[in-house]
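missing the sequence, but the structure's below:
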């Protein structure tokens, strides 16, 4: 566990749903429940820059989604329903009170699923650049993230084992709002490959490489603890079976704050970002109690702009409490 989380009083625990084992970190009971759900290929520790600060005002819970971190892998069962029901059971049996739920990317979609399908478990939701609408089955291939899923399948979901060095060597990164692309510098890739060869990533231990830039470090660690079958499920469409993006959004009745990161389009790679402005307009039409906040940052806002993220969550929570009063038991 990150030192910042330990210093803030977080403790690691595990929860058995009956189907999977969920690892989670729990902070001190300092107020209403706040559950933060990480993005795909990350872990709950991605919130280490914001969770200590938020734990002064909230009872913060950080679960690892199935297939991530120290939670169970279920290679044949990664769907919006399966991963969201895990968090629903977590809310009912561990958190035990209606919570504010925020999630980044796929974690944001889980928050939306909860509001639509288990409304008694949430007071409000604050999806952070959620994977909704733009990654629906009829649109996902026009999204940069679809190519990342394919690269995960090619380099990580292999019978001979994952090749993280190949993943980073082949990864194309769009820049300058779609005007160009880049790859990681070859010396960094070579250094990473040499380290992985020396370390032997097949030993099952997380790869926490201290000399990498902080966001790359978190991504590498997350990928080393990540079931690449999760990406395959989104690449082949099996993750989305039974999940209708528009219909789900239309059933959200609690207050929803959509925290939106920057986005742009690349002529070859498609939408770079979770949602474009038309998606925001559509979400605003579908959700009755809709609130919006744009933060000038990349997709993982809470890592890039932690102070703004914390301030946004606090302000939203205060408005929810002022309107609805305190949360009730689940």
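Yes, it's here. This one's a predicted model, so the numbers in the text were calculated from it and none came from an experiment.

ok, now which ones touch the closest residue to residue 243 other than its chain neighbours?
Distances taken as CB to CB, 6 or more residues apart in numbering place residue 80 nearest to residue 243, at 4.1 Å, with adjacent residues excluded. Quick note: C-beta positions are derived from backbone N, CA and C, even for glycine. Contacts for residue 80 (CB atoms under 8 Å, 6 or more residues apart in numbering) come out as 109-110, 113, 239-240, 242-243.

Relative to residue 241, how far out is residue 80?
Residue 80 sits 9 Å away from residue 241, taking CB to CB, to the nearest Å as the criterion.

What ranges in the stretch 51-200 of the chain fall below the confidence cut-off?
Low-confidence segments of the stretch 51-200 of the chain (pLDDT under 70): 176, 178-180, 182, 184, 190, 192-200.

Got the domain ranges for this structure?
Following automatic domain parsing, the chain resolves into domains at 3-140+239-324, 141-234.

Need the winner for burial among these.
Most buried of these, by mean neighbour count (mean count of other CB atoms under 10 Å): domain 3-140+239-324, with a mean of 20.

What are the contacting residues of the longest helix belonging to the chain?
The single longest helix within the chain, with elements called by DSSP state H, is helix 306-324. Contacts to helix 306-324, defined as CB under 8 Å, 6+ apart, come from residues 32, 34, 49-50, 53-54, 57-58, 100, 102, 123-124, 126, 128, 255, 257, 259, 291, 293, 295, 297, 301-302.

Please, which helix or strand holds the residue positioned nearest the centre of the chain?
By CA atoms, centre = their mean, the chain has its centre lying nearest to residue 39, at 1.6 Å. Counting by DSSP states H and E, no helix or strand carries residue 39.

hang on, isn't it packed against residue 47?
No - at 10.4 Å, residue 39 does not count as touching residue 47 under the criterion of CB atoms under 8 Å.

Which strand residues bridge residue 25?
Assessed by DSSP bridges, residue 25 has beta-bridge partners residue 12, residue 62.

Many thanks, have a good one.
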